[in-house]
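Chemist: here is my input; please provide its structure:
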Amino acid sequence: QVRLVESGGGLVQAGGSLRLSCAASGSIFSINRMGWYRQAPGKQRELVAAITSGGTTNCADSVKGRFTISRDNAKNTVYLQMNSLKPEDTAVYLCNADIMSSSSRRYLNYWGQGTQVTVSS
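Modeler: Numbering: from 1, shown residues only. Below you'll find the model as predicted:
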């Protein structure tokens, strides 16, 4: 059973920083793309940043220059370093990944349970 487990969310003041982590576990054969999405109350889920297995990244215009995505392939973990946080960054942040398990031998898309990030003004 493949799982994604996020950690690192919390409450921070505007201008502060947080680092989110997402670890994939289970019978994993390969992980392709990993990413972070967020969903604020009453809004659609949106892509924050993503990274390929080779390290190519992309991120939303709203977080460019403030957020950095990275991954540790040996640990099956993706990180999101969030600096200069703004109240509008408040949302549930969800980890997403395309993972090939040892049994399926094809990439399936997985979601974590989400972690709350709240930025106070």
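Chemist: what comes up buried for stretch 3-17?
Modeler: For stretch 3-17, a neighbour-count test (16 or more other CB atoms under 10 Å) marks 4, 6, 8-9, 12 as buried. C-beta here means a position set from N, CA and C on the backbone, and glycine is covered the same way.
Chemist: for the residue positioned nearest the centre of the chain, give me its contacts.
Modeler: Nearest to the centroid of the C-alpha atoms of the chain, with distances taken as CA atoms, centre = their mean, sits Trp36, at 2.8 Å. Shown in contact with Trp36 (CB atoms under 8 Å, 6 or more residues apart in numbering): 20, 22, 47-50, 69, 78, 80, 93-96.
Chemist: before we move on, what about Glu46?
Modeler: With CB under 8 Å, 6+ apart, Glu46 has these contacts: 37-39, 60.
Chemist: repeat that with 10 Å
Modeler: Neighbouring residues of Glu46 by CB atoms under 10 Å, 6 or more residues apart in numbering: 37-40, 60, 62, 91.
Chemist: my read: Ala23 touches Ile31, true?
Modeler: No: counting by CB atoms under 10 Å, Ala23 does not reach Ile31; the two are 11.0 Å apart.
Chemist: what's the pLDDT at Gly55?
Modeler: pLDDT for Gly55: 95.
Chemist: what's around it, how many residues?
Modeler: Gly55 sits with 10 neighbouring residues when counted by other CB atoms under 10 Å.
Chemist: do you know how far the residue nearest to Gly26 when sequence neighbours are not counted is from Tyr107?
Modeler: Among residues not flanking Gly26 along the chain, Val2 sits closest, at 3.9 Å (CB to CB, 6 or more residues apart in numbering). According to CB to CB, to the nearest Å, Val2 and Tyr107 sit 11 Å apart.
Chemist: which single one of the buried residues of stretch 3-17 is nearest to Gly54?
Modeler: Ranked by distance to Gly54 (CB to CB), those are led by Leu4 at 20.1 Å.
Chemist: which element is the closest one on?
Modeler: Here Leu4, judged by DSSP states H and E, is contained in strand 3-7.
Chemist: direction included, what does that strand pair against?
Modeler: Its sheet considered, strand 3-7 pairs with strand 18-25 (antiparallel) by DSSP bridges.
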